[in-house]
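From the sequence below, what's the structure:
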Amino acid sequence: MTKIINKLNFIVFCITISFSTGLLHAQDVIIRNNGEEIQTKIEEVGVTEIRYKRFTNQTGPTFTILKSDVFMIIYENGTRDVFERSAATQSVTSQQQSAIQQSTTIQQGATQQRTTQQTSATQMSNVALGGHFSAGRAETFGIGAKFRYKLANSMRLEGSFTHFFPKEFSLFGISTSTSMWDLSINGNYLMPINDKNALYLLAGPSIISVTTKVSYLGNSERETANSVGFNIGSGFDLKITDNIVLNSEFKYTFITVGSRWNISIGIMFNF
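Predicted coordinates for the structure are as follows:
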């Protein structure tokens, strides 16, 4: 009796092992290109797609995956299908990589161009000379000369001399003539807009000399008064060529006997 029971137990054990092994091989396994494994029941392997159901829910929805995303299928009977990427897929990938490289090149080129523009606007010649026409307070007009020396890409030193034409006034036989000159040394801080245009701020000391001549009954008297002031203002440079720059500037000067302003327009030559 004991021998019979032992034989029955051995038979049940063998059946259990066989059933378990069958379960292990009763599913299809999809292995994606990234190494992910999907336990499935394959329904159809098409030209470009694979249709399958989840092994744990074979009565549920049908899923679809592109063959180009699949490295291999291991079927329940142990056979395997290994998929290679098609030439079309490789071509698309190559085109995408080419597009990415081209986009990166364009971005690098744009960045380099902006850097070149900013450098071009600030890195003019170290020395520049020019002239200007000025109009100031109380309808005074003058001409002058200007000198520039670049200290750094965004900093330069500017010296200017302006002579204002005499302004005459006559009343009851008494005539008055007033002339003036202005000598300024300003620092400029450059703010490039693009490769041709740049704004700048200015500040620095100024010496102003005013000469007044009074004539009456054949006699004349002359008096000169000098004042020290401080300038603030701004300007704009427009590069016409590498060596020619048009310039406009507004300057306000604080002096001990009051204050004055003037606007100038001129041209600079880079050396």
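
now residue 64: how far from residue 54?
To residue 54, residue 64 is 13 Å away according to Cβ to Cβ, to the nearest Å. From N, CA and C alone the C-beta is placed, and that goes for glycine too.

List the beta-bridge partners for residue 30.
Beta-bridge pairing for residue 30 (DSSP bridges): residue 38, residue 73.

what number of residues lie near it?
Counted with other Cβ atoms under 10 Å, residues neighbouring residue 30 total 21.

Settle this for me: it is touching residue 65, isn't it.
Yes. In this structure residue 30 lies within contact range of residue 65 using Cβ atoms under 8 Å: 6.9 Å.

Tell me where the stretch 151-271 of the chain has strands.
155-171, 174-192, 197-216, 219-239, 244-255, 258-270 (DSSP state E, counting those that start in this stretch).

Comparing residue 64 and residue 54, which residue is more hemmed in?
Using other Cβ under 10 Å as the criterion, residue 64 and residue 54 rank with residue 54 on top: 16 against 12.

was I right about residue 249 contacting residue 232?
No. Residue 249 lies out of contact with residue 232 (Cβ under 8 Å); the separation is 11.6 Å.

Give the residues shared as contacts by those two.
Residues touching both residue 249 and residue 232 by Cβ atoms under 8 Å, 6 or more residues apart in numbering: residue 202.

These two - which one has more neighbours?
Neighbours per residue (other Cβ under 10 Å) separate residue 249 from residue 232, with residue 249 holding more: 23 against 14.

Show me what the residue nearest to that one when sequence neighbours are not counted is bridged to.
What sits nearest to residue 249 in space, not counting adjacent residues and going by Cβ to Cβ, 6 or more residues apart in numbering, is residue 235, at 3.7 Å. Beta bridges link residue 235 to residue 200, residue 249, judged by DSSP bridges.

Give me the residue ranges of the protein where confidence is low.
Residues of the chain that meet the criterion pLDDT under 70 lie in 1-26, 85-100, 103, 109-111, 113-125, 138-139.

list residues touching both of residue 30 and residue 65?
By Cβ under 8 Å, 6+ apart, the residues touching both residue 30 and residue 65 are 38, 50, 52.

Mind putting those residues into TSV with neighbour count and distance to residue 73?
Listed next are those as TSV, based on neighbours: other Cβ atoms under 10 Å; distance: Cβ to Cβ, whole Å:
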residue	neighbour count	distance to residue 73
38	17	10
50	22	7
52	21	9
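
Between these, which sits nearest residue 180?
The nearest member of the shared contacts of residue 30 and residue 65 to residue 180, counting by Cβ to Cβ, is residue 38 at 91.1 Å.

I'd say the closest one and residue 29 touch.
Yes. In this structure, residue 38 is within contact of residue 29 by Cβ under 8 Å, at 7.1 Å.

Leaving out chain neighbours, which residue sits closest to residue 80?
Leaving aside its chain neighbours, residue 80 sits nearest to residue 74 (5.3 Å; criterion: Cβ to Cβ, 6+ apart).

check contacts around that neighbour.
28-29, 31, 80.

do that again at 10 Å, thanks
Going by Cβ atoms under 10 Å, 6 or more residues apart in numbering, residue 74 touches 25, 27-31, 37, 80-82.
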